[in-house]
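Q: Next one to model:
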Amino acid sequence: QVFPSQDPLDRADFNAVEYINTLFPTEQSLANIDEVVNKIRLKIRRLDDNIRTVVRGQTNVGQDGRQALEEAQKAIQQLFGKIKDIKDKAEKSEQMVKEITRDIKQLDHAKRHLTTSITTLNHLHMLAGGVDSLEAMTRRRQYGEVANLLQGVVNVLEHFNKYMGIPQIRQLSERVKAAQNELGQQILADFEEAFPSQGTKRPGGPSNVLRDACLVANVLDPRIKQEIIKKFIKQHLSEYLVLFQENQDVAWLDKIDRRYAWIKRQLVDYEEKYGRMFPQEWCMTERIAVEFCHVTRTELAKIMRTRAKEIEVKLLLFAIQRTTNFEGLLAKRFSGCTLADGTVKKTEVPPPSANPFLEDETGTETDEIVIEKSDTDRPKKPKVPDNPFHGIVSKCFEPHLYVYIESQDKNLGELIDRFVADFKAQGPPKPNVDEGGAVLPSCADLFVYYKKCMVQCSQLSTGEPMIALTTIFQKYLREYAWKILSGNLPKTTSSSGGLTITSLLKEKEGSEVAKFTFEELCLICSILSTAEYCLATTQQLEEKLKEKVDASLMERINLTGEMDTFSIVISNSIQLLVQDLDAACDPALTAMSKMQWQNVEHVGDQSPYVTSVILHIKQNVPIIRDNLASTRKYFTQFCIKFANSFIPKFINHLFKCKPISMVGAEQLLLDTHSLKMVLLDLPSIGSQVVRKAPASYTKIVVKGMTRAEMILKVVMAPHEPPVVFVDNYIKLLADCSTDTFQKILDMKGLKRSEQSSMLELFRQRLPAPPSGAENTSSLSLSAPTPEQESSRIRKLEKLIKKRL
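A: Residues are numbered from 1 along each chain as shown. Next comes the predicted model:
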């Protein structure tokens, strides 16, 4: 591995015999054996020389190693000595630096202490002089100078908080506090003198002294400022309490405008006379307005409790409208910064919504409810989300909103009665096929009224009144569903007598059988479209109500029951349409079952009863489709329900066709195929635009009509041999019911004795394993068929192809 070699002599698995055979592969090569021997001997001598040289070279290795180790030890000792010298020098240098910097640190500390002492002495001098000046200026009522000086003294005094243990400092601090207390009492006395609680204001108006006093009050205890504001506002509103006492005519709701006109005049008067006396950051104008609102709310609540029986809806809404307008005016004029500690909670901005009920919420006056024909203004706009003053006065009206709720209950009841009367007087809406059917106009009117009620009530309150209004909405949604929609659905009649077999077989008797007229079908579709509109809009109404109401009350709003009611109306309407078309087809199916199918001699075109069924479908379905164009899914439901009703009924009538000859079965199979094609085309029958039928509907038709075809194919099959017939039945119908098998035997016209043996064989073949079924099916396929049977089937296939 250390010295790679290709020489065979160096290999670990060296074989002398193989090596010699390699050197002398043939007998002729032995001629040069001497030459090969000499080469090997020469190689051996060279190896001996190399080994000898290496051995001799290792003789002095030990002595050289010891000498090198001694030299390394000496070098390490020298290096250690040098390191120790460097360390000693570093320690001496550090000691020298400490001695040099010790004096510098002492000088630095002395400088810092001296600076602090000088600064403290200056502050002490300023404090002592400031306190003396403050006391002198206080006595002379020089508030302008005091305002600036007092702030400075207070700031300087903060530097001596840690020196309060020194008697002199504590004495100065007490003098400052005494001066502040004296200033506060003196300023309050000056304001009391200028604006006495009793009597009129001083004719001279505000003075510069009071203006400077307000600046001083900003520096004093905040309670002084609050006391000044409280006394001034109280004195300013004292006249209001007298003018609008509970026993005064102007205090009632019909003259609520005068309250707001009075405060507007007072605010203008304040701005002119006292606007410059109080600092701007005091927001005195806003504080006066806010206190006026609190007083007004209390007074209005008191007087409304006393005269609750006199409150009418029109009067209440008038007062609320004027109040909310005033609150909106306050929001435009003031920021609401003084409400931070008040009881009025700012309204959170609701999240944006795609709900249609949000449209035109802040619309014009025409969007508002008109309870009576009157010139009385109504609340123009709903609550502005960012109005901090919303409810500051109007909150007092909330306990009396039951008057409004009762009024809406009455108005909605009258509205429903008017809808009923209008429907009876004007009749059903005119068919509007071009627009996909007509929605009853009363439906839109109802929800427009609902929207206006909701917007108005949310402006008045977002609490319990909204829940009460929701209950009213639920009540009249149900009434609308039953009185207007369900109550006007055409009534079905069960009388279908008086029709003979002969008349049923006529080609054009279909127009005489239809139960509902064109107008009645359009009315049912119109009611269905209206119910669907109501269902969707009720869901939007529920979402919007939840947005308007307080978060804690959202779970109490649930219109699921009303939506279920409209779903029932839709289901009933579809069922009526299905029953009408189904009943129209009944006479034709009855005629089919009463025909003498054993006497049919040849297979012709489709039978008259098929033509009759197709005629009824072509009469009804286009009308229904065109009137339900805007609600396509419900037209699909109609098609599915009709298929689910008609196909089982058709199969039941097939079983009544007995006995059936071979030719009769072929004719029935042709008729069944014709009906299958018509049913598959039913969703777009009579339409210029051919649209593919829904997969769910196609699946139902194919499954049901294929079963009918299989029944007829079983009837057409020969019943000999019985085993093949039974296996064919199981294969084609996959029906394990003995009743169905019995009906098939009746259709074939077999005798009772033959039926008994067939039924017994059928019961025996039912539990057979799938492999057995496969064997029998193959047997049935390989069983010989009579020539007549084969010929008739081929004719039937040709007729079907020709028909298609």
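Q: How is this structure divided into domains?
A: 148-333, 394-490+517-571 (the TED database).
Q: Could you dump these into JSON lines with mean neighbour count, mean pLDDT and distance to I614 added?
A: Placement of C-beta: from N, CA and C, glycine included. Output for these, formatted as JSON lines (neighbours: other C-beta atoms under 10 Å; pLDDT from 0 to 100; distance: least, C-beta to C-beta, whole Å):
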{"stretch": "domain 148-333", "mean neighbour count": "16", "mean pLDDT": "76", "distance to I614": "61"}
{"stretch": "domain 394-490+517-571", "mean neighbour count": "19", "mean pLDDT": "85", "distance to I614": "18"}
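Q: Would you format the ones you listed as a markdown table with distance to L668 included?
A: A markdown table is the format used below for the domains of the chain (distance: least, C-beta to C-beta, whole Å):
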| stretch | distance to L668 |
| --- | --- |
| domain 148-333 | 72 |
| domain 394-490+517-571 | 31 |
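Q: Of all those domains, which one is nearest V663?
A: domain 394-490+517-571 (39.2 Å; C-beta to C-beta).
Q: For that closest one, measure first residue to last.
A: From its first residue to its last, domain 394-490+517-571 covers 46 Å (C-alpha to C-alpha, to the nearest Å).
Q: Can you name every helix or strand that the helix or strand containing K92 contacts?
A: In this assignment (DSSP states H and E), K92 forms part of helix 61-140. Judged by 3 or more C-beta pairs under 8 Å, 6 or more residues apart in numbering; DSSP states H and E, the packing partners of helix 61-140 are helix 143-158, helix 167-194.
Q: Would you mind giving those helices as JSON lines with distance to R691 added?
A: Putting the helices and strands packed on helix 61-140 into JSON lines (distance: least, C-beta to C-beta, whole Å) gives the following:
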{"stretch": "helix 143-158", "distance to R691": "86"}
{"stretch": "helix 167-194", "distance to R691": "86"}
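Q: So which of those is nearest I86?
A: helix 143-158 (55.9 Å).
Q: The closest residue to G413 other than its chain neighbours: what's it in contact with?
A: Of all residues not flanking G413 in the chain, Y476 sits nearest, at 7.3 Å (C-beta to C-beta, 6 or more residues apart in numbering). Shown in contact with Y476 (C-beta atoms under 8 Å, 6 or more residues apart in numbering): 412-413, 415-416, 446.
Q: In helices only, show me those residues.
A: Taking DSSP state H, the ones among those that sit in helices are 412-413, 415-416, 446.
Q: so which two of those residues are the farthest from each other?
A: G413 and L446 (12.2 Å).
Q: Could I get the full set of helices for the stretch 501-650 of the chain?
A: 501-504, 510-513, 518-548, 560-594, 608-627, 632-656 (DSSP state H, counting those that start in this stretch).
Q: what packs against the strand or helix carrying L300?
A: Taking DSSP H and E as the criterion, L300 maps to helix 284-306. Secondary-structure packing of helix 284-306 (3+ C-beta pairs under 8 Å, 6+ apart): helix 222-243, helix 256-274, helix 313-333.
Q: Let me have the ones you listed in CSV, adding distance to A481 as columns.
A: Formatted as CSV, those follow (distance: least, C-beta to C-beta, whole Å):
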stretch, distance to A481
helix 222-243, 52
helix 256-274, 41
helix 313-333, 27
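Q: Can you say which of these is nearest to K546?
A: Closest of the helices and strands packed on helix 284-306 to K546 is helix 313-333, at 22.7 Å (criterion: C-beta to C-beta).
Q: Dump that closest one to CSV, restricted to CA.
A: The C-alpha trace of helix 313-333 is given here as CSV (Å, rounded to 0.1, in the frame of the first residue of the first chain):
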residue,chain,number,x,y,z
VAL,A,313,-95.9,58.8,17.3
LYS,A,314,-95.8,61.9,15.2
LEU,A,315,-94.8,64.0,18.2
LEU,A,316,-92.1,61.6,19.3
LEU,A,317,-90.6,61.3,15.9
PHE,A,318,-90.7,65.1,15.5
ALA,A,319,-88.8,65.5,18.8
ILE,A,320,-86.3,62.7,17.9
GLN,A,321,-85.7,64.2,14.4
ARG,A,322,-85.0,67.7,15.9
THR,A,323,-82.8,66.2,18.6
THR,A,324,-80.7,64.1,16.2
ASN,A,325,-80.3,67.1,13.9
PHE,A,326,-79.0,69.1,16.8
GLU,A,327,-76.6,66.2,17.7
GLY,A,328,-75.4,66.2,14.2
LEU,A,329,-74.8,70.0,14.4
LEU,A,330,-72.7,69.5,17.5
ALA,A,331,-70.6,66.9,15.8
LYS,A,332,-69.9,69.3,13.0
ARG,A,333,-69.0,72.1,15.4
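Q: sorry, back to before: so how far is E562 from the residue nearest to G413?
A: 10 Å (C-beta to C-beta, to the nearest Å).
Q: and if you look at L654?
A: For L654 relative to E562 (C-beta to C-beta), the value is 44 Å.
Q: Q598 too?
A: Taking C-beta to C-beta as the measure, Q598 falls 58 Å from E562.
Q: before we move on, what about T115?
A: In this view, T115 and E562 are 84 Å apart by C-beta to C-beta.
Q: same question, S458
A: S458 is 20 Å from E562, by C-beta to C-beta.
Q: Over to A179?
A: 73 Å.
Q: again, but for S526
A: For S526 relative to E562 (C-beta to C-beta), the value is 20 Å.
Q: Just put the helices of the stretch 501-650 of the chain in CSV and tack on distance to I76.
A: What follows is the helices of the stretch 501-650 of the chain, written out as CSV (distance: least, C-beta to C-beta, whole Å):
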stretch, distance to I76
helix 501-504, 130
helix 510-513, 126
helix 518-548, 89
helix 560-594, 96
helix 608-627, 110
helix 632-656, 99
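Q: among these, which is nearest K751?
A: Closest among the helices of the stretch 501-650 of the chain, once you apply C-beta to C-beta, is helix 632-656, at 18.4 Å.
Q: Please consider this matter closed, and thank you.
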